[in-house]
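**Student:** what shape does this take:
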Amino acid sequence: MTTQTMMFSDIKWHTRQRLLYIEVMAYYCGLVTRSDIANAFRLSDAAATKDLKLYNDLAPSNLVYRQNLFGYVPTLDFAAMFSDLNPRWVLPMLASNLTTNATQNSPNIYGVPCVSAALPYRLPEKLYVAQITQAIKWKKKLAIFSIGDNPGEAAIIEPHTLISQNSHWYARAFCENHYEFRNIDLSHLSKTKQIDEPAESDANYDEEWNDIVTLELAPHPHLDQRRQKLILGQYDNEGDCIRVQCRRALMDILLKQLAVDTSTDASLNPDTHSLYFRNRNALNVYSGS
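**Tutor:** Reported below is the predicted structural model:
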């Protein structure tokens, strides 16, 4: 083990969060100062200076001090060591205005204003969520009642994982009534009832959950070449295809979220379904239309 690796392993979690913040600020804002760190984490100037010194000791080629700016800017050789600078992770951080100690009501800690178009959340009562999470944590069975079901008819489930899809939440669970694993839409719950019985299944028994498949999505074939090229540029792509790995159990949710045309003959409107499920038949796992 190298000295640097030993140093990394000795760094406490809270310190790592501050080093991550330094990288995000330097790379995405072009400048990180002692005051930035002190304000974001409610530290003294001396403590913030210590963090900057530690970062520069661990990554000596990443930052250079600019006297006229009273802070550090990234070098041309900048390479992240504590953070994943992929926009898929950084943009939510900017939008949430979050570090370890900050909240959404804190002053803007990145200096980049972000607003969101609020969507209505489809969430159940907090009691239902609490009983779902408790059943997952303690591996218990749970009785659930769903909107639209016959009154008094409960489904007995054994949930193992929560699933987030934007503002929509599901629980992956074995349903004893149907003898299969299902995605339970939490917004459809009308009642839950705890059962003091241990679950007999878990994620290890869920074959669709553990099966990772690769979806091949392409711009809809009925779009013109200009629009197809624009769509490809919006995603990480390989040639004329966007490959997405996901759990087989989550295919339906993912395809609906992306508004993918899953028909066999690409017959859906390309203006509302800009992507087409190219290897639908090869996977032979989705029967939507």
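**Student:** and the gap between residue 40 and residue 20?
**Tutor:** Going from residue 40 to residue 20 by C-beta to C-beta, to the nearest Å gives 11 Å. To be clear about C-beta, it is placed using only N, CA and C from the backbone, and glycine gets the same treatment.
**Student:** who's more crowded, those two?
**Tutor:** Neighbour count, other C-beta atoms under 10 Å: between residue 40 and residue 20, residue 40 has more, with 25 against 20.
**Student:** run through who's touching stretch 159-177.
**Tutor:** The contact list for stretch 159-177, computed with C-beta atoms under 8 Å, 6 or more residues apart in numbering, reads 119-123, 129, 132-133, 135-136, 141-142, 155-158, 180-187, 199-203, 205-206, 209, 249-250, 253, 257.
**Student:** out of these, which are buried?
**Tutor:** Neighbour-count burial (16 or more other C-beta atoms under 10 Å) applied to the contacts of stretch 159-177 gives 129, 132, 135-136, 141-142, 155-158, 181-186, 199, 201, 206, 209, 249-250, 253.
**Student:** filter those down to the ones in strands?
**Tutor:** 141-142, 155-158, 181-185 (DSSP state E).
**Student:** the strands in the stretch 101-250 of the chain, which residues?
**Tutor:** Assigned by DSSP state E, counting those that start in this stretch, the strands in the stretch 101-250 of the chain fall at 140-146, 155-165, 168-175, 180-185, 189-198, 212-219, 242-247.
**Student:** is residue 89 in a helix, a strand, or coil?
**Tutor:** Put simply, residue 89 is helix when judged by DSSP: H, G, I helix; E, B strand; the rest coil.
**Student:** who touches it in this structure?
**Tutor:** If you count contacts by C-beta under 8 Å, 6+ apart, residue 89 has them with residue 83.
**Student:** helices of the protein, residue ranges please.
**Tutor:** Per DSSP state H, the chain carries helices over the ranges 3-10, 13-24, 34-41, 45-58, 87-96, 126-138, 207-210, 225-233, 251-257, 280-283.
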